[in-house]
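Colleague: Need the 3D shape of this:
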Amino acid sequence: MSPRPSGEAQPAGDGAGSGAAGRAQRRAYRHAPSGRDGPLVGVCGGARCAGLRRLAPGPLDELADAVRATPGAVLLRADCPGACALGVVGVVARRDGATGRPGAPLWLSCLDRPALAAALVAWVRAGGPADGARPGADVPDALRAAVVSAPAPRPA
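Modeller: Below you'll find the predicted structure:
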């Protein structure tokens, strides 16, 4: 791999190092500008949600393909927000391509239901939320019932 100019972040596993300097460098990479706005999509990676996804495979399996096909989109495995009673939980935000920073999050529940998962996949393919400050402003009608307010992720 060719050396990067000083000040340009490197992805983890690319000589980013360990300890505080490595963590800071990985954080910088996570928010590195890409020049493209796009949806930032996270799905709970907790044991219960992962189990539900395995038991009921469906449209959520297509989410990674939708993200790969959508310019500027990023898929994350979100930490468990502790909202297990809400089924498979996900979060969507608009990522600013100039800064790499995410906008306000929109939490979604019951993504283990095929119709809701399919609506999320279709929304991501269409570009996701258009407004980073108000991601719920253009949520598709098919996803409105899934919009929830979820607690902040539990500290590690």
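Colleague: Now the residue lying closest to Ala142 once chain neighbours are set aside: which helix or strand?
Modeller: Closest residue to Ala142 apart from its sequence neighbours, by C-beta to C-beta, 6 or more residues apart in numbering: Ala119 at 3.7 Å. Any C-beta I mention is one placed from the backbone N, CA and C, and that applies to glycine too. Assigned by DSSP states H and E, Ala119 belongs to helix 114-125.
Colleague: can you list the residues that contact that helix?
Modeller: Helix 114-125 is contacted from outside by 39, 41, 56, 58-60, 62-63, 66-67, 69-70, 73, 88, 90, 92, 108, 110-111, 139-140, 142-143, 145-146, using C-beta atoms under 8 Å, 6 or more residues apart in numbering.
Colleague: how about the helices in this protein?
Modeller: 19-30, 47-55, 63-69, 114-125 (DSSP state H).
Colleague: Just the buried residues out of the contacts of helix 114-125, in PyMOL syntax.
Modeller: Paste this into PyMOL to select the buried members of those, with burial taken from 16 or more other C-beta atoms under 10 Å:
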select buried, resi 39+41+59+60+62+63+66+67+70+73+88+90+92+108+110+111+139+143+146
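Colleague: What residues does Ala104 make contact with?
Modeller: Ala93, Gly132, Ala133, Arg134, Pro135.
Colleague: got a pLDDT number for the residue nearest the centre of the chain?
Modeller: Nearest residue to the geometric centre of the chain (C-alpha atoms, centre = their mean): Val41, 2.3 Å. At Val41, the predicted lDDT confidence score is 94.
Colleague: next one: the one 5 residues further on
Modeller: Here the pLDDT value assigned to Gly46 is 89.
Colleague: mind starting the numbering at 23 from now?
Modeller: With the count now opening at 23, the last piece we talked about shows up as Gly68.
Colleague: Next one: it from Leu85, what distance?
Modeller: 16 Å (C-beta to C-beta, to the nearest Å).
Colleague: Can you point out the buried residues in the helix holding Ala141?
Modeller: Across helix 136-147, burial judged by 16+ other C-beta under 10 Å covers Leu138, Ala139, Ala140, Ala141, Leu142, Val143, Trp145, Val146, Arg147.
Colleague: Just give me the closest of the residues you listed to Ala120.
Modeller: In terms of C-beta to C-beta, no member of those lies closer to Ala120 than Val146, at 20.8 Å.
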